[in-house]
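Can you look at this prediction? I've put the sequence above it.
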Amino acid sequence: MRGFNLAIIFLITFITSCKPAETEFRATENFSTINNWNDPNPALTSEINTFLQSKMNNIPTCTEENVKNHPNCRLEKIEAGTAEPLPSSKGYRVMLIDSQGMMLAAYTRYRNRVLENLFEDEKTGEYNARPPALYIPQAAKEILLDSFQNPAYEKIPSELLTPSLDTFIEKFPFLNSSTGHGVIIFNYIANNSPNSQFVLVHENDSKFNSILCGNDSEDNKIKEISKLFDRQANSILSKIKQYDINFISYSQGYSARTLRQILQNNRCREVSTKLITNINKVYFEYFLKPLTTKSKALLVQANSGSDYLIKSKHDKDFYSDCQELTNRVRVGTANILEQPLPFEGSKNIEYLNEYEKNAKLCTDLYINFAVEIKRPFRYNKGVIHFSKYNIGAYPTSGTAISPSFATPVAVSYLINLKMQLKNDYPNNELSNNMLLKKLYENNNFIFDPSLHKQLPIYELQLLK
């Protein structure tokens, strides 16, 4: 009984995460019925889909009621794993800082690629909490974990497993309710960058929120928040060094708007504009700056669009977003459907909406989504596909056009550029400067790597 209660707690954590449910996340109509990829091994794809469906056809629908008594639906406990660093991942290792939604994929299909899971301690804010256990139905565990231990199936793209997706959702409906931002971000990079290995930093922000919303004076709040950011940065830096991390994927930040939203969501009392401005500054000085100046990792971070034109890098609402850092790439969104972007990208700022144009001073790279922003969310060839379970992938809807969902695409695109550089300079140690020089060689800043297959999954010929 205790295990069941823990599982329900886990599912509630997922349900209350920050992104909409799948019915709002998935685009439903396309302009063209042709997928943007080809299957390099149809026989293997048919084999694994037949295998997965045969396993699912022999089990009932697992509901919250029968997880107690049906052997296929009984909840199984899965602990976090630790993988050994592989030579094939050297140069392409990613630290991903996101929500605890990453657990589902990290503990199942991709556990052999996760070097370490770091969880934030709710009381101290440090990343040293004991990793919690994951509870899922026994049959779901067999599909998501056991099936992909077969070396032949390990790296098969999620896109090619789409024929099995509807059956999986039908058999595990309460897992279908558990949508989380982190799992979608992690799944995208892991699927599209098959040689990468990961350190996952599972945030919960409890300590930060408790300081911000506490009864202490504002002077003491800023001191405690500074100490928190400093401790967190030092913890992260030690893991970057330990695992030789090359990229940091970070889909959030603390703009003034974000901080006010945190205050509202937690029903905190009002704070001064001065405190919000100072938090934004210490966040930059004690967290972002050390990550980029005290390590060799490249920080790829979601930008913050703006309702007004940002004219200064010292704008009080966007200070942390607008400061230049040598080893940071700030990511925004474009959404171009009328005509395909060139292979080498574009520098036409008119492709951006006003919200993104306003933040151009504080953004380095824009990723194209190619989907309508209103229902039925029609999409064009090359639309970005996401996955929740790594069984099937679906074109994103207009509601998911955001810098946070552009960030994993940018990370995968940069890994692909680095792979190309490695081919060009096989005997050289590749620096971030070389990578960024290649990124900006034509002064372009809007890219469509999904349309032009500029992702490692194509470079490695797992899709064609």
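Good, I have the coordinates.

Please settle this for me: is residue 62 part of a helix?
No: counting by DSSP: H, G, I helix; E, B strand; the rest coil, residue 62 is located in no helix; its state is coil.

What pLDDT is listed against it?
Here the pLDDT value assigned to residue 62 is 95.

and what of residue 395?
The confidence metric pLDDT takes the value 92 at residue 395.

next one: residue 253
If you check residue 253, the pLDDT there is 88.

Spit out the contact partners of it.
When contacts are counted by CB atoms under 8 Å, 6 or more residues apart in numbering, residue 253 is found next to 283, 301, 302, 303, 304, 320, 321. From N, CA and C alone the C-beta is placed, and that goes for glycine too.

go on, residue 212?
Applying CB under 8 Å, 6+ apart as the definition, the contact partners of residue 212 turn out to be 221, 225, 259, 262, 263, 266, 268, 271, 279.

Could you dump the residues you listed into a markdown table with neighbour count, pLDDT and secondary structure added?
As requested, the contacts of residue 212 are arranged in a markdown table below (neighbours: other CB atoms under 10 Å; pLDDT from 0 to 100; DSSP: H, G, I helix; E, B strand; the rest coil):
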| residue | neighbour count | pLDDT | secondary structure |
| --- | --- | --- | --- |
| 221 | 19 | 97 | helix |
| 225 | 23 | 97 | helix |
| 259 | 20 | 93 | helix |
| 262 | 17 | 92 | helix |
| 263 | 17 | 92 | helix |
| 266 | 12 | 90 | coil |
| 268 | 15 | 93 | coil |
| 271 | 16 | 94 | coil |
| 279 | 27 | 97 | helix |
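
picking that back up, if you look at the contacts of residue 253, which of them are in helices?
Among those, DSSP state H puts 283, 320, 321 in helices.

Give me the most central residue, the chain.
For the chain, the residue lying nearest the average C-alpha position, counting by CA atoms, centre = their mean, turns out to be residue 185 (2.2 Å).

now that one, what's its secondary structure?
helix.

quick one: pLDDT of it?
At residue 185, pLDDT is 96.

Which strand or helix spans the residue nearest to residue 406 when sequence neighbours are not counted?
Leaving aside its chain neighbours, residue 406 sits nearest to residue 367 (3.9 Å; criterion: CB to CB, 6 or more residues apart in numbering). Secondary structure from DSSP states H and E places residue 367 in strand 365-368.

Relative to residue 212, how far out is the spatially closest residue to residue 218 that is not a sequence neighbour?
Once its chain neighbours are removed from consideration, residue 218 has its nearest residue in residue 275; the separation is 4.6 Å (CB to CB, 6+ apart). As for residue 275, its distance to residue 212 is 9 Å (criterion: CB to CB, to the nearest Å).

Likewise for residue 95?
Using CB to CB, we find residue 95 at a distance of 25 Å from residue 212.

The strand holding residue 367: how far from the chain's middle?
Here the centre of strand 365-368 is set off from its chain's centre by 15 Å, with CA atoms, centre = their mean, to the nearest Å.

Can you report the mean pLDDT over the residues of it?
If you average the per-residue pLDDT over strand 365-368, you get 98.

From the contact counts, what lies against it?
Based on contacts counted as 3 or more CB pairs under 8 Å, 6 or more residues apart in numbering; DSSP states H and E, the elements that strand 365-368 packs against are strand 328-334, helix 403-424, strand 446-447.

still on that earlier bit, among the ones in helices among the contacts of residue 253, which one has the most neighbours?
Most neighbours among those, by other CB atoms under 10 Å: residue 321, with 26 neighbours.

Having no further points to raise, I will conclude here.
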